[in-house]
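J.: Predicted coordinates and the sequence they were generated for:
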Amino acid sequence: MASGAIKSTDREFAQHIGLTVAALANWRAKENITTRQMVGLLERIERMTIGRTELSAIRPIVDYCRVDPCASKRDAPYEIFSTEGEQSLYLKGLKDELSANRGVYILYDSRGSALYVGKTVKLTLWQEINNAFNRDRTVQNIRRVEHPQRKQAFRRADEQRRQIRPITVPLYDLAAYFSAYSVRDGMISEVEALLIRGFPNDLLNTKIENLT
């Protein structure tokens, strides 16, 4: 049992530093290791570490998922989708994934054009996307006619003139799809800044984040 445990540990260690088990055994058998050999091993380990970091730096969670607003149980009007109904199994899994990760997200309009890019370094993606979805933002002005919301008899436009004027519209009235990406903590702000700076004229973001 003990011998098997050692072999398993050797195999995992060798794989971790990019060597075969046989090569690791040869290293252990050497009495005199030159500086050049040691530098070579350290460079190999560094390359392996960088490669593993790059593979997990940005991980897509979902792309262009349809927003289907539902009443929120929190102190907010809406959530981006409900986990009840025919798609409940899929959406529950998606909600769990968003609730377990931080990173960046993109909200799109009904044509699939990006509206807003956001990030979260403290809250989960699920919490932050829903916060942004409900947030009042005066920059989101669209020219519309403001119709009565309370009990009031209808009157034709030639009887009651209603002006077309800029009206503040929340994201829950604009967003039709969203994408979300899990990003390593140290890169979240950089990835968000890159996206915003790449499309500054297409987004509702008012602040152009800086790349450090």
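T.: Now that the structure is in, tell me what you want to look at.
J.: Return the distance of the host helix or strand of residue 128 from the chain's centre.
T.: Taking DSSP states H and E as the criterion, residue 128 maps to helix 125-134. For helix 125-134, the separation from the chain centroid amounts to 11 Å (computed by C-alpha atoms, centre = their mean, to the nearest Å).
J.: what residues does that helix touch?
T.: Counting contacts by C-beta atoms under 8 Å, 6 or more residues apart in numbering, the residues outside helix 125-134 that touch it are 61, 67, 69, 72, 74, 76-80, 95, 98-99, 101-103, 105, 107, 116, 118-120, 123, 170-172, 175, 178, 180, 182. Glycine gets a C-beta too; all of them are placed from N, C-alpha and C.
J.: Identify each buried residue in it, please.
T.: Across helix 125-134, burial judged by 16 or more other C-beta atoms under 10 Å covers 125, 126, 128, 129, 130, 132, 133, 134.
J.: So which residues make contact with stretch 95-104?
T.: Contacts to stretch 95-104, defined as C-beta under 8 Å, 6+ apart, come from residues 58, 61-62, 81, 83, 117-127, 129, 180-183, 185, 188, 191-192, 195.
J.: hmm, back to that, mind listing which of the contacts of helix 125-134 are in strands?
T.: Among those, the members found in strands (DSSP state E) are 61, 78-79, 103, 105, 107, 116, 118-120, 178, 180, 182.
J.: Let me have the residues you listed in CSV, adding neighbour count, pLDDT and distance to residue 47 as columns.
T.: Rendered in CSV, the data for the ones in strands among the contacts of helix 125-134 read as follows (neighbours: other C-beta atoms under 10 Å; pLDDT from 0 to 100; distance: C-beta to C-beta, whole Å):
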residue, neighbour count, pLDDT, distance to residue 47
61, 17, 97, 28
78, 19, 92, 47
79, 22, 94, 44
103, 26, 97, 26
105, 24, 98, 32
107, 24, 96, 38
116, 23, 94, 38
118, 23, 96, 34
119, 22, 97, 29
120, 22, 97, 31
178, 26, 98, 36
180, 25, 98, 30
182, 19, 97, 24
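J.: Of those, which pair is most distant in space?
T.: In those, two members sit farther apart than any others by C-beta to C-beta. They are 78 and 182, at 23.6 Å.
J.: what angle sits between the longest helix seen in the chain and strand 177-183?
T.: Looking only at the chain and at elements set by DSSP state H, the helix with the highest residue count is helix 35-57. Comparing the axes of helix 35-57 and strand 177-183 via axes from the mean of the first three to the mean of the last three C-alpha atoms, to 10 degrees yields an angle of 160 degrees.
J.: So which elements touch helix 35-57?
T.: Taking 3 or more C-beta pairs under 8 Å, 6 or more residues apart in numbering; DSSP states H and E as the contact definition, the neighbouring helices and strands of helix 35-57 are helix 2-17.
J.: pLDDT on the helix it packs on, on average?
T.: Throughout helix 2-17, pLDDT has a mean value of 62.
J.: Kindly report the same for stretch 159-170.
T.: 83.
J.: and what of stretch 189-208?
T.: 92.
J.: okay, how far is it across that stretch, tip to tip?
T.: End-to-end distance for stretch 189-208: 12 Å, by C-alpha to C-alpha, to the nearest Å.
J.: which parts of it are buried?
T.: For stretch 189-208, the buried set under the neighbour-count rule, 16+ other C-beta under 10 Å, comprises 189, 190, 191, 192, 193, 195, 196, 203, 204, 205.
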